[in-house]
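# let's see this in three dimensions:
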Amino acid sequence: MAFLDRLTARGERSAALLPWLVAAALAVWLKFRVVSSDAVRESALGLRPSGVLTGWEKAALLRWDVALGLVLIPIALIVAGLVLPRWARVALSTVLALVAAAVLIVQESVRAATGGFTSFGTLARATDWALRSRDTSLLVMPAGERIVLPACVVLVVVAALAAAFASERWLRRMNVVAAMVVAAGVCAAMVLFVVRAPAIEWRQPMLLLVARAAVDAAPAVSADGKPGLTLAELRRRDRELAQLPGAAPSPWAGKAQGYNVVFFVLETAPAVVFDPARDSLRDMPNARRLRENSFVATSHFSTLPLSSSALFSLFTSTYARGADAVGASLAENVQLPGMIRDLNAAGYETGYYGFVWKAHRERDDRMFASLGFKRIVESNLDEGDLEGKTTFKGPIEYVERHDRELLAKVLNDIREWSAARQKFAAVFFPQLGHDPWRAPKGSKAKTLLDRGHALAVYQDAWLGELLAELERDGALDRTMVVLTSDHGLRTTEDPEQKTLRLVSTRGDDIMIRVPLLIWAPRILTSPERIEWPTSHIDLAPTILDLLAVPHDPAREQGMDIWNPGLRNRRLFLAMDFFGVQTGFSQGGEFYMRSRSQTVFKSTRAHFEDGDALLQDSQESALVRKVLDEHDRLQQALLTHMFRGDSEPPAATSGRQP
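Predicted structure coming up:
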């Protein structure tokens, strides 16, 4: 003790470290929590089948946290403090500690919700969503952290005040304490560096992990993706990577020439609560009626669990990417190629009837205009609900009233179009089913999934009203109806937290598999089951080929759903959304790369621990290579599209011989 007292007697440099040492201890404690959690276990699944690390291996994962937080940064602060007065040394340590603590607290909340960390940009969008919708699923935090994290901030302030205003006697004692902590950190780091740390995602120190996640943007990609590649070349390479089959003869292409088309898009309706391919539909008489003359997909997938991005894929046959809403990425007056513009060119009246976000980060109005809709019809929302707070979280009666208002408008337009013998394509997108699910009036649903099914049943009656209007107008037998959902359920009930939390880390069937039924009257006499995986990117080419409307297949990432060659293509589950990374389906197998960079393989879009592949396996390396290439190509393709790059038109009828 006498030696340490003499060491710290001159200048009292070490006392200024106390605020920082509180934040450093917080980082080490959080890292200890992580190495004991499912996050590290999932990373370890790629190293060994059990995913279990030894106690020493877990301890080794803390070595850089101890070295950085308790040794290297304190030494740097001491060196910087050699030329600073006492108040400046304390201020520097305090500011650094408060910034680190704030970032750690925010990112720990994100980790609890998503299984990983995220950027400031994504955090801003998540905060924007939480404020507008009052959705608390992004704010999940274990009870222990709720106490420790705020307490840490208080301790930083107390340590700063003590270091700044303590008497010389107490200052020297604080010097001794700080020096002992640093000395203990040196000893602990030396011991931990002897142990071999497993090569997993979480081996980096917590301070660097959260800083890198918060500051780093997505990997930079040139406008062309790769030097010298044109947009046409990018599309060709994308089709090769997806292993799309060639065009195949079809008995259905062009059979619906001159038909109208109505899209009924359910909000947040996963196939687990409404599956026209497997359910009896006993309580959904209108969907059951349509199924008798429909293409019915057994494994249909959304491209991304975000409404605007899912609709973008549906109408353009192009994958969206990440949590960025499409409208926020679009420049003004961009004309996006796709199904709506092709229908306009073929003489159709086109209309969208649904909620339209106009927030600065959710510019759905810009997206729908860019897609080419001639009519964009919204309900007259109450003042104060322009950004959807009440629509998404308010009383279900409020949402139902506005959905019915939109339904009346689309029925009126169908009546007028039919009277004028005008071909039309109308999209009805009610918000009644938006998650978190609210039980409809009179429902006796007890579980979360029961509520989801009850909402689908409730909206089946609205489908019946659409069919009745078409029948009254004499247009029923020449109108296709596409019944699907934008995406599945993004949250699950957490009994421990007694709240909702995100489906995180690995993609899941409940979030991405959705219903698909395409009613084709006078064309099909019985249900035509599509037994291979399909996606929203396949709807535009399928509908346009049925209608014999000219379009350019080279601009589309999807194909007609009835093409049997789709059995062997790579169908990308392109998400990168709030903790869930990308995957694909191929040859009856599903692959998913999680946030921990562990690759999972399953026979369905649900991945258990036992589905993990070893990181050093050839199959795992191939999956990562394919997904990395798809990410690069997709970012480049979207860059071209969103800035308005055009290609020479090469429209074809799409009709197969």
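
# quick one, phi/psi of residue 430?
Note on residue 430: its backbone torsions stand at phi -70, psi 160 [degrees, to the nearest 10].

# which residues touch it?
Residue 430 sits next to 266, 267, 354, 403, 406, 407, 459, 462 when contact means C-beta atoms under 8 Å, 6 or more residues apart in numbering. C-beta coordinates here come from the backbone N, C-alpha and C atoms, glycine included.

# walk me through the domains of the protein.
Using automatic domain parsing, the domain ranges for the chain come out as 2-215, 231-244+264-642.

# the closest residue to residue 643 other than its chain neighbours: neighbour count?
Closest residue to residue 643 apart from its sequence neighbours, by C-beta to C-beta, 6 or more residues apart in numbering: residue 331 at 5.9 Å. Residues lying near residue 331 (other C-beta atoms under 10 Å) number 10.

# again, but for residue 190
Residues lying near residue 190 (other C-beta under 10 Å) number 13.

# please report the number of neighbouring residues for residue 100.
Residue 100: 24 neighbours (other C-beta under 10 Å).

# repeat for residue 176
The burial count assigned to residue 176 is 17, neighbours taken as other C-beta under 10 Å.

# what's the answer for residue 56, then?
Neighbours of residue 56 under the rule other C-beta under 10 Å: 12.

# again with residue 575
Per other C-beta under 10 Å, the neighbour tally for residue 575 reads 27.

# next one: residue 328
Neighbours of residue 328 (other C-beta under 10 Å): 18.

# quick check, it in a helix?
Yes - counting by DSSP: H, G, I helix; E, B strand; the rest coil, residue 328 falls inside a helix.

# need the pLDDT of it.
Residue 328 is assigned 71 on the pLDDT scale.

# please apply the same query to residue 636.
Note on residue 636: pLDDT of 89.

# for residue 398, same thing?
For residue 398, the predicted pLDDT is 89.

# wait, the residue nearest to residue 643 touches residue 639, no?
No - checked against C-beta atoms under 8 Å, the pair residue 331 and residue 639 is beyond contact range at 11.1 Å.

# for residue 265, which three-state class applies?
Here residue 265 is recorded as strand under three-state DSSP.

# measure it to residue 293 for me?
Counting by C-beta to C-beta, to the nearest Å, the separation of residue 265 from residue 293 is 20 Å.

# go on, residue 543?
Noted for residue 543: a distance of 16 Å to residue 293, by C-beta to C-beta.

# neighbour count winner among the two?
residue 543 (26 against 18).

# and the more buried one, how far from residue 245?
The value you get for residue 543 to residue 245, if C-beta to C-beta is used, is 19 Å.

# then residue 598?
Distance, residue 598 to residue 245, by C-beta to C-beta: 31 Å.

# ok, what's across the strand from the spatially most central residue of the chain?
By C-alpha atoms, centre = their mean, the mean C-alpha position of the chain lies nearest to residue 577, the distance being 2.2 Å. Counting by DSSP bridges, residue 577 is bridged to residue 580.

# show me the shaky parts of the stretch 251-400 of the chain.
Residues of the stretch 251-400 of the chain that meet the criterion pLDDT under 70 lie in 323-325, 360-361, 383-384, 386-388.

# residue contacts, the residue nearest to residue 643?
Shown in contact with residue 331 (C-beta under 8 Å, 6+ apart): 642, 643, 644.

# dump these to a markdown table, plus distance to residue 300 and neighbour count.
What follows is the contacts of residue 331, written out as a markdown table (distance: C-beta to C-beta, whole Å; neighbours: other C-beta atoms under 10 Å):
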| residue | distance to residue 300 | neighbour count |
| --- | --- | --- |
| 642 | 26 | 16 |
| 643 | 31 | 12 |
| 644 | 31 | 14 |
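
# among those, which has the minimum pLDDT value?
For the contacts of residue 331, the pLDDT minimum is residue 644, 74.

# and the gap between that residue and residue 332?
Residue 644 is 9 Å from residue 332, by C-beta to C-beta.

# how about the strands of the stretch 451-600 of the chain, start to end?
In the stretch 451-600 of the chain, the strands defined using DSSP state E, counting those that start in this stretch lie at 479-485, 491-494, 499-502, 513-514, 516-519, 528-530, 534-535, 571-573, 583-586, 589-593, 599-602.

# wait, what's in contact with residue 45?
Neighbouring residues of residue 45 by C-beta under 8 Å, 6+ apart: 51, 598, 609, 612.

# surely the third one touches residue 46?
No - assessed by C-beta under 8 Å, residue 609 is found out of contact with residue 46, at 11.1 Å.

# am I right that residue 229 is in a strand?
No - Residue 229: not assigned to a strand; according to three-state DSSP it is coil.

# per-residue pLDDT, it?
According to the prediction, residue 229 has pLDDT 75.

# okay but it is in contact with residue 639, surely?
No - here residue 229 lies out of contact with residue 639, judged by C-beta under 8 Å, at a distance of 11.7 Å.

# residue 463 and residue 264 touch, don't they?
Yes - under the criterion of C-beta under 8 Å, residue 463 makes contact with residue 264 at 5.8 Å.

# who has more neighbours, those two?
Set residue 463 next to residue 264 and count neighbours by other C-beta under 10 Å: residue 264 wins out with 26 against 23.

# past the strand or helix carrying residue 154, which element shows up next along the chain?
Assessed by DSSP states H and E, residue 154 sits inside helix 143-165. Going down the chain from helix 143-165, the next helix or strand is helix 168-192, by DSSP H and E.

# now that following helix, how far from the centre of its chain.
45 Å (C-alpha atoms, centre = their mean, to the nearest Å).

# longest helix in the chain, please.
Longest helix in the chain, counting residues (DSSP state H): helix 86-114.

# chain center to that helix, what's the gap?
27 Å.

# and that helix, average pLDDT?
Across helix 86-114, the average pLDDT comes to 85.

# which element follows that helix toward the C-terminus?
Helix 86-114 is succeeded, C-terminally, by helix 120-133 (DSSP H and E).

# which other helices and strands contact that next one?
Under the contact criterion of 3 or more C-beta pairs under 8 Å, 6 or more residues apart in numbering; DSSP states H and E, helix 120-133 touches helix 86-114, helix 206-215, helix 389-393.

# between it and helix 206-215, how many degrees?
When axes from the mean of the first three to the mean of the last three C-alpha atoms, to 10 degrees is applied, the directions of helix 120-133 and helix 206-215 differ by 70 degrees.

# got the CA positions of helix 120-133 in PDB?
C-alpha atoms of helix 120-133 as PDB (Å, rounded to 0.1, in the frame of the first residue of the first chain):
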ATOM      1  CA  PHE A 120     -27.400   4.800 -35.400                       C
ATOM      2  CA  GLY A 121     -29.300   5.100 -38.600                       C
ATOM      3  CA  THR A 122     -31.400   2.000 -37.900                       C
ATOM      4  CA  LEU A 123     -31.800   3.100 -34.300                       C
ATOM      5  CA  ALA A 124     -33.200   6.400 -35.500                       C
ATOM      6  CA  ARG A 125     -35.700   4.600 -37.700                       C
ATOM      7  CA  ALA A 126     -36.600   2.300 -34.800                       C
ATOM      8  CA  THR A 127     -37.100   5.300 -32.500                       C
ATOM      9  CA  ASP A 128     -39.200   7.000 -35.100                       C
ATOM     10  CA  TRP A 129     -41.400   3.900 -35.300                       C
ATOM     11  CA  ALA A 130     -41.600   3.500 -31.600                       C
ATOM     12  CA  LEU A 131     -42.700   7.100 -31.100                       C
ATOM     13  CA  ARG A 132     -45.300   6.900 -33.900                       C
ATOM     14  CA  SER A 133     -46.700   3.500 -33.000                       C
END
